[in-house]
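Asker: Sequence and predicted structure below; questions after.
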Amino acid sequence: MVPLSKRLFAELFGTFWLVFGGCGSAVVAAAFPNVGIGLLGVSLAFGLTLLTMAYSIGHISGCHLNPAVTIGLWAGKRFPARDIAPYIGVQVVGAVLACVVLLLVASGRPEFVLSTDGLAANGYGRLSPGGYNLVSGVIAELILTFGFVMVILGATDTRSPSGFAPLAIGLALTLVHLISIPITNTSVNPARSTGPALLMGGLALSQLWLFWLAPALGALAAGVSYRVLAGTPPAPAVTGEALP
């Protein structure tokens, strides 16, 4: 069993990597004149950051990097309740630190203005890239988080082919972004949403509740659903601790 302190550091660094790489691609690379990477590039950036971390720290912390994933794994009896709060705490810290560094980098361009250029914040209505309303945002975040966590639970099940879980999970996150960037700028991760919202404030911060509530509910539903579908016994916890 890996000590909690090491798992927490892995989660902090992994979430930093996810948010800096994913949001950074949207803030910096996607907006670069003439050669912007666009929706496909940003989607791949999020998927690749998760894939690389899954191979790097999956054996240390389970590579959650997402409060919704932590909640879903607990609901699926893959993760102990006592570690939920510490995991979520360091995930949020990692996301905020990533956004602070990203803001420092983006501010190196004289034309950058935080209030207008933003930090890839999530939102609906005025903050939705496609102008989608609250109902669309709730539905998208619920369903896509549900599907994403189902992929994680299935891919990391000991009955699944070994060694391929990071590929499936990284590609799933890419798919999620391809679908929902126009709707909410894609959250499915409350920590990823919290970093930009805290630094931007205003409307982004006032809409943050959605990107905690919907992913959490979707993840809970996925955890329970997978337990029903997969039957017993449940697969071992991703942190190496078998749960009843």
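Answerer: Now that the structure is in, tell me what you want to look at.

Asker: Now the element after the worst-scoring helix or strand of the chain on mean pLDDT, going C-ward?
Answerer: The weakest-scoring helix or strand in the chain, judged by mean pLDDT, DSSP states H and E, is helix 114-117 (a mean of 86). Along the chain past helix 114-117, the next helix or strand (assigned with DSSP states H and E) turns out to be helix 134-155.

Asker: list the helices and strands that following helix packs on?
Answerer: The elements that helix 134-155 packs onto, with contact taken as 3 or more C-beta pairs under 8 Å, 6 or more residues apart in numbering; DSSP states H and E, are helix 67-75, helix 165-184, helix 210-230. C-betas here are computed from N, CA, C, even on glycine.

Asker: Buried deepest among these, which one?
Answerer: Ranked by mean neighbour count, the helices and strands packed on helix 134-155 are led by helix 67-75 with a mean of 27 (mean count of other C-beta atoms under 10 Å).

Asker: what comes into contact with the next helix or strand after it?
Answerer: Counting by DSSP H and E, the next helix or strand C-terminal to helix 67-75 is helix 84-106. When contacts are defined by C-beta atoms under 8 Å, 6 or more residues apart in numbering, helix 84-106 is touched by residues 4, 7-9, 11-20, 23-24, 27-28, 61, 64-67, 70-71, 74, 112, 114, 117, 119, 190-192, 194-196, 198-199.

Asker: Just the buried subset of the residues you listed, written out for ChimeraX, thanks.
Answerer: Buried members of those can be picked out in ChimeraX with the line below, counting by 16 or more other C-beta atoms under 10 Å:
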select :7,8,9,11,12,13,14,15,16,17,18,19,20,23,24,27,28,61,64,65,66,67,70,71,74,112,119,190,191,192,194,195,196,198,199
